[in-house]
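> got a structure for you, letters missing:
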């Protein structure tokens, strides 16, 4: 992780990554050095919450439980929102990551995204496939 800081930094902890999809938060702050208390060093903390009851396919409650969790800092820190860059007097759209077209594997529900599933619903002896929201707050407008 490459982190920059302003010249007038303070000892406040800063969030570098907050990936709700993978349940990871990376923070950094300056702390006194153990070797030389007159100097400050950058300390990074990585907090990973492993969702033990997570399914292979989070939208399918019948899929098997996930047993493998992969955390790559390059994936956690990628920025896929395009930014405008001026080169030679012309403005171009650029992304800060090269792996933005690959689907992201989520270990839990991203509360900002709408997840749905279908299930059989029997009414008056007739079976219908009904779609249900797994994250209703994200699927329906207020």
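Right, received. Where do you want to start? The shown structure was predicted, so the numbers you read here are calculated from the model rather than taken from an experiment. Residues are numbered from 1 along each chain as shown.
> show me where the chain has helices.
Applying DSSP state H to the chain gives helices spanning 73-76, 136-139.
> now residue 125: how far from residue 131?
Counting by Cβ to Cβ, to the nearest Å, the gap from residue 125 to residue 131 is 21 Å. Bear in mind the C-beta positions are built from the backbone N, C-alpha and C, glycine included.
> and for residue 48?
Per Cβ to Cβ, residue 48 is found 32 Å from residue 131.
> any stretches of this protein with poor pLDDT?
Along the chain, segments meeting pLDDT under 70 span 1-11, 95-99, 142.
> from residue 130, how far out is residue 141?
Counting by Cβ to Cβ - residue 141 and residue 130 are separated by 20 Å.
> give me the more crowded residue out of residue 48 and residue 131.
residue 48 (14 against 10; other Cβ atoms under 10 Å).
> isn't that one up against residue 71?
Yes: contact status for residue 48 versus residue 71: in contact at 6.3 Å, counting by Cβ atoms under 8 Å.
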